[in-house]
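In: below is the structure, and that's it, no one-letter string:
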């Protein structure tokens, strides 16, 4: 990657996806004095004009649109030093098997544009709170430390703190699992299955009182060492609602 942007006070950032999260990221970048181009499928601007000479290209499209948009960007001309930022949480539903995790958004972008660094942006972020200027933090992870630092500098502000990390897989999967657990437990915050099986190879984990998709189910087994599906499907004991004194 040539011509690092780290020392440049203002850069051109293309944000693909004009939903709540894409709009929030665009607002943050604009507040930092960057030139921001926001694109969606309904935009009057063409994709070519939005990504042309952009030094940072942020993907904030929904999971189902990631592969299509990545292919569209690959077929266009982008700056040789462009950094790709994946801000989408999810797993590709059209990939994966019992033996392999579905593709992650960052993996789709890296496969489409292997000569460009990919940075994952993920964190416990709520668009409405960030737009109000409430304090928030997020993580940017990449195998390319310089690229992560460049994105950190581009988006950091007094109210939005950005941390760098080298654990791309952990950051990306952590954001996905956090959302799965949060959504599954809406309306029943204390209805969890506690996994406390004491046999060899088991660990303590919290999972929602719902079945997980087969591919994610398999990943949990592989990553935690819990290879007995009985415990995944049945769980152990529910956590009681805490007493308030």
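Out: Here it is on my side, so go on. Quick caveat: nothing in here was measured; it's all calculated off a predicted structure. Numbers count the residues shown, from 1 in each chain.
In: can you pull the domain assignment for the chain?
Out: What automatic domain parsing lists as the domains of the chain is 12-172, 185-238.
In: quick check: mean pLDDT of the last one?
Out: The average pLDDT within domain 185-238 is 41.
In: show me what counts as buried in the longest helix anywhere in the chain.
Out: Looking across the chain with DSSP state H, the single longest helix is helix 168-184. Within helix 168-184, the residues scored as buried using 16 or more other CB atoms under 10 Å are 168, 171-177, 180, 184. For the C-beta atoms, the positions are set from N, CA and C on the backbone; glycine is no exception.
In: residue boundaries of the strands in the protein?
Out: Counting by DSSP state E, the chain has strands at residues 12-16, 35-39, 56-59, 83-86, 118-122, 136-141, 160-165, 192-195, 205-208, 237-238.
In: check contacts around residue 77.
Out: 48, 52 (CB atoms under 8 Å, 6 or more residues apart in numbering).
In: tell me the spacing between it and residue 137.
Out: Distance, residue 77 to residue 137, using CB to CB, to the nearest Å: 35 Å.
In: now residue 147
Out: Noted for residue 147: a distance of 19 Å to residue 137, by CB to CB.
In: ok, the two, which is more surrounded?
Out: The neighbour comparison of residue 147 against residue 137 (other CB atoms under 10 Å) goes to residue 147, with 25 against 13.
In: pretty sure that one sits against residue 117.
Out: Yes - using CB atoms under 8 Å, residue 147 is in contact with residue 117, at 3.8 Å.
In: give me every residue that touches residue 116.
Out: Residue 116 makes contact with 1, 78, 82-84, according to CB under 8 Å, 6+ apart.
In: drop anything exposed from those.
Out: 78, 82-84.
In: so of these, which two are at opposite extremes in space?
Out: Among the buried ones among the contacts of residue 116, the pair separated by the greatest distance (CB to CB) is 78 and 83, at 10.3 Å.
In: tell me which of the buried residues of helix 168-184 has the lowest pLDDT.
Out: For the buried residues of helix 168-184, the pLDDT minimum is residue 184, 64.
In: pLDDT at the spatially closest residue to residue 176 that is not a sequence neighbour, what is it?
Out: Closest residue to residue 176 apart from its sequence neighbours, by CB to CB, 6 or more residues apart in numbering: residue 89 at 5.4 Å. With respect to pLDDT, residue 89 has a value of 92.
In: also residue 117?
Out: Confidence score, pLDDT, at residue 117: 97.
In: shouldn't it be in contact with residue 145?
Out: No - using CB under 8 Å as the test, residue 117 is too far from residue 145 to be in contact (9.6 Å).
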